[in-house]
Structures are given as structure tokens and as C-alpha cells.
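Colleague: test case, fold it:
(2 chains)
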Amino acid sequence: MTAVAQSVRAASRHGHDEFDPPTRGIGLVGKVAVFLGVTIVGMTATDPVVLGALLVAVLVLGLSTGLDLGTLRKAIVPISPVMVLLFAFSSLFFDPAGARQGFAHTVYAELLRSDVINLTLSSGGLLFGLGIVVKLLLVMIVSIYLFSTTSPEQLLAGLQALRMPNAIGLMISTALRFIPTMSTEVATIKDAQRARGAGSRKQPRGRGQAVQGTLPLFVPMIVTSMRRADTMAMSMVSRGYGFTSRRTVLTRLHVGAWDYLALAVVVAGLVAFFVFRVSTGLGIL
Amino acid sequence: MSSNDAPAVNDTPREARVVRSQGFFTPIRISRMAVLIALSVVGAFIKIPTPIGSPALDSVPAYFATMMKKWDWKEAGIIAILARLLAAATEGFPLGLPVQVALAFGNASWVAVVVRVVRLRFGYIAAIVATEVWAVVITLASPAMLMFALGVPLEAAFAMGIASLPALLVAAGIAAVLGAAAARAVQNTPLSK
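Modeller: Numbering: from 1, shown residues only, chains lettered A, B, ... in the order given. A predicted model of the protein is given here:
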């Protein structure tokens, strides 16, 4: 009776929940398969249309799995100057004579012609530059998808399944646990330095002051970290760390139906991509 | 109590035995590497404004570890690899995971082996100079990485490398100086053991 009541309550709760897309069911194995598949296609294709279509597919998958646009914006905005440079250099250094597609052969201007370097503004070059930028976005977004939608525990369980030493897993999980503590400590040291009159402005004047300000910040941070590490090591020993080589784990790697489906889709997609690439030149500019 | 009355080591119950040897991963090493990796991730948020970009300070703990005389070179290597990957994860993997993995391993091998040997043999200043040499080496190596990961043409990849050299030189120099300063402060204290 209780079990039935619980299931009815769960069903009614589920009814009130917002739409839960099935892509959230993809676990670590499925995400790694998607990551590898997209990276392989991204590394081999040069056609911006194929790369763009793949980018849209990855974006839809990521956004439906819980990836938010704010995270993507924060990652992409700082790298935008690199994208502009990559676009400019890749476009100008592209040789349109080597392009496979007819529409990529149009040359707008020859900026420099020598035995060593040829700089040409062409339709193929612009498309190739665009493809490089899309490729960079694709590789970044699929990396963010893999790491932002997977909990550290799941990632560690995956690494453990790959026979990674337990100590490395412990180290990573401890490091992740300490990041907020360290951030607070940096703020405390900054406040303490400011209280003593060192760099009393919140915004340093000029680049020289900004560089100078890091020395009194980092040296105490490292000394404090060493004290913390010492205390942590003592507590590890007192709790019997290393007494037995057998380890218990909180999270085990779970491979579900969605993972198998994702794996099958990726393998089928890769096979189809390479078959069409060889037969029709799919993905080649 | 005579020596005959003392219990033999093998008779001691298993639960009471001293902690077994753990090889490289001793509790003190694990804890200080974990703390320094966390500090690297925090350092990734501290940016220095320069005319050619804002290099972050995520590699300072790795340089600190490599400058410590009594520590193992592998510690600096592990810190450099994991710190780079975790810092890249917080920044959204600029240039993608494959390039970041290549950068992490390349940086770790240089920091943990070359910079360490130079520091032990010639001192801190030479180690800082070796770090600057690394910035030039990575500039020459980055075209290969960009070509492999993104299919960028050789000339364009090389131009990208040259364009990023000043920022790399500034970032590597500041990180090495801060690491050396911290190592000098901690070197002869009980915390360095």
C-alpha cells in the first residue's frame, strides 16, 4: 500500500515537474562517445556547412542537457580575439587552387605574392577561415558539454574505471573541495594587505602595480596552503589512510540504455560520415 | 622487562600495525599536491592586465613545486598537468580539450624536468630564464598543435604562435618569479619537508 502511495505521489510530482528531456539520461560513457565523435569529425572536416550543422546539433544536445548559455558566453568571449586572428590568418593563407568545391575558387584580391608566402582574399579562404572558427567553437562547446554536465564524482568514477590510481582521484576530489576555501582565503589576504596599506586601491593603478600586487598575495597564499596540507596529511594518517590497499567508492560508473544509444548513434554517424566523405567528398571544402 | 618478553613484530594484531609503505603517494604528498592544484585553479581567476592580453597565474604553484629542492620532480609534473586541465575546465577549455591536454603534458614535462634541473644546477635566476626559453619553445611547437587539432594551415598556425609569444613570455616570467619567491620563503622552514 505504501509503495503504491509513494509511486502515485511520485507520478503526480513528475506531472508537475517541468519537461525533462531524455538527453539528460546520457551518462559519462555516452558523453565521452559524443565528445570523441564530434572531435574526430571536427578535426577532419573543413566545410563550414557540415561543421555548422554539427555545431547546432551539439548546441541542442548541450542546452537540452542543462548547459546554460551564460557558461558558453563566459568561455567564448575571452577567446574571441584568438578567433578573429585565426579567421584572418586562415583565410589569407588559404590556397583557393587546392579547393575541391567550385565556388571556393573565386579570388577577390591577391594581397601578396612571393616564393615563400602568398596572401589571397578568396571565397574559399573566407569559408575556410569561417570553418576554422566554427571548428574551434565546436571543440570548445563539446568539451564544456562533457565537463559541465558531469559531476566530479562521475568523472572520478570514470577515471577509476580506466584504472587510474586511487591517490590521483583523492587528490582531484580534494582539490575541487578546496577551491572555494582557497578563493575565500585569497580575498582574506587581499583585505589584510589592504588593511596594512599595501595596494589600498581596489583597482591597481597601471600594469606595474597589478604585477607588484601579486607577489604579496601569492607568497602568503602558498605558505598558508603548505600549513593546510600539513594539517590534512596528519588527519589522513590519524584516520588510517593507506592502511589497506582496498578502497570503497561512493559513485560507481553506470552504463545505461541512453549511453548505449548515444554510442550507437555516434558510431553510425562516424561510419556514415567517412563513407560519404570518401564517395562524395562530404565535409571537404 | 627483558628482551625475551617483548612481543615479536609479527605477533602484533593486523589492525595495530604501522601504516604500510605507500610508495610515491604518501599522505603529505597527496595533501600538498591537492592544495597546490586548488591554488592553481584559484590562480586562473587572477589575471594580470598586459598590453597583449591578460595572462593568468595558474602555473605559479607548479613553478613553486619545481623550485623546492627537497621535493620530487614528479610532484611538480602532476601539479602542472592537473592544474592546467582543471584551470582550463573552469575557463571553458579554450582551443578545446585535445589542445589543452597537449599543452598540459608539454608544460609539465618542461617545468618538472628542464626547469627543475636548471634550478638545482644553476639556481633561481637560471630557472626563470629556462622558463622564458619554454615560452619560445611552445611558440615553435604550437603550430603543430593547431595544425593537428584544428587543421589550421602551417603559415597561419605559425603566425598565431608568433602573435601569442609576448603574452606567453610575460605570463611565464611572472609565474616563474612568483614561484621562485614563494620557494625561497618556504625552502628552509619545516613546511618544506
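Colleague: show me where the stretch 101-250 of chain A has helices.
Modeller: For the stretch 101-250 of chain A, helices defined by DSSP state H, counting those that start in this stretch occupy the ranges A:123-148, A:152-161, A:166-195, A:206-238.
Colleague: most packed of these?
Modeller: Each of those was assessed for mean neighbour count using mean count of other CB atoms under 10 Å in any protein chain shown. The highest is helix A:123-148, with a mean of 24. All C-beta atoms are positioned from the backbone trio N, CA, C, and that covers glycine.
Colleague: that one to helix A:152-161, inter-axis angle?
Modeller: Between the axis of helix A:123-148 and that of helix A:152-161 there is an angle of 100 degrees, by axes from the mean of the first three to the mean of the last three CA atoms, to 10 degrees.
Colleague: could you list every helix and strand in contact with helix A:123-148?
Modeller: Under the contact criterion of 3 or more CB pairs under 8 Å, 6 or more residues apart in numbering or on different chains; DSSP states H and E, helix A:123-148 touches helix A:28-44, helix A:48-65, helix A:69-76, helix A:80-93, helix B:97-109, helix B:124-150.
Colleague: let's have the helices of the stretch 101-250 of chain A in a markdown table, adding mean pLDDT.
Modeller: Compiled in a markdown table, these are given as follows (pLDDT from 0 to 100):
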| stretch | mean pLDDT |
| --- | --- |
| helix A:123-148 | 89 |
| helix A:152-161 | 84 |
| helix A:166-195 | 85 |
| helix A:206-238 | 80 |
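Colleague: which residues of chain B score low on pLDDT?
Modeller: In the predicted model, chain B carries pLDDT under 70 at residues B:1-22, B:48-55.
Colleague: may I see the buried residues of the longest helix along it?
Modeller: For chain B, the helix that runs over the most residues, judged by DSSP state H, is helix B:154-186. Judged by neighbour count (16 or more other CB atoms under 10 Å in any protein chain shown), helix B:154-186 contains these buried residues: B:155-161, B:163-183, B:185-186.
Colleague: leaving out chain neighbours, which residue sits closest to the residue in the stretch 51-200 of chain A positioned nearest to chain B?
Modeller: When you check the stretch 51-200 of chain A against chain B by CB to the nearest CB, the closest residue turns out to be A:Ala75, at 2.2 Å. Leaving out its chain neighbours, the residue that sits closest to A:Ala75 by CB to CB, 6 or more residues apart in numbering or on different chains is B:Gly92, at 2.2 Å.
Colleague: gap between the one you found and A:Gln154?
Modeller: To A:Gln154, B:Gly92 is 19 Å away according to CB to CB, to the nearest Å.
Colleague: tell me if stretch B:71-89 is near chain A.
Modeller: Yes: among the residues of stretch B:71-89, B:Ile78, B:Leu82, B:Leu86, B:Ala89 lie within reach of chain A under CB under 8 Å from any CB of the partner chain.
Colleague: show me which of the residues you listed is closest to B:Ser40.
Modeller: B:Leu86 (7.0 Å; CB to CB).
Colleague: any chance of the helices of the stretch 101-250 of chain A in TSV with distance to B:Ala126 as columns?
Modeller: Written out in TSV, the entries for the helices of the stretch 101-250 of chain A read as follows (distance: least, CB to CB, whole Å):
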stretch	distance to B:Ala126
helix A:123-148	37
helix A:152-161	37
helix A:166-195	30
helix A:206-238	20
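Colleague: for A:Ala57, which of those helices is the nearest?
Modeller: Checking those against A:Ala57 by CB to CB gives helix A:123-148 as the closest, at 9.7 Å.
Colleague: in terms of secondary structure, what does the helix or strand harbouring B:Ala34 contact?
Modeller: The secondary structure element spanning B:Ala34 is helix B:27-43 (assigned by DSSP states H and E). On a contact count with 3+ CB pairs under 8 Å, 6+ apart, helix B:27-43 meets helix A:166-195, helix A:206-238, helix B:60-67, helix B:73-91.
Colleague: if we check chain A, which of the buried residues of helix B:154-186 are in contact?
Modeller: Among the buried residues of helix B:154-186, the residues lying close to chain A (CB under 8 Å from any CB) are B:155-157, B:159-160, B:163, B:174, B:177-178, B:181-182, B:185-186.
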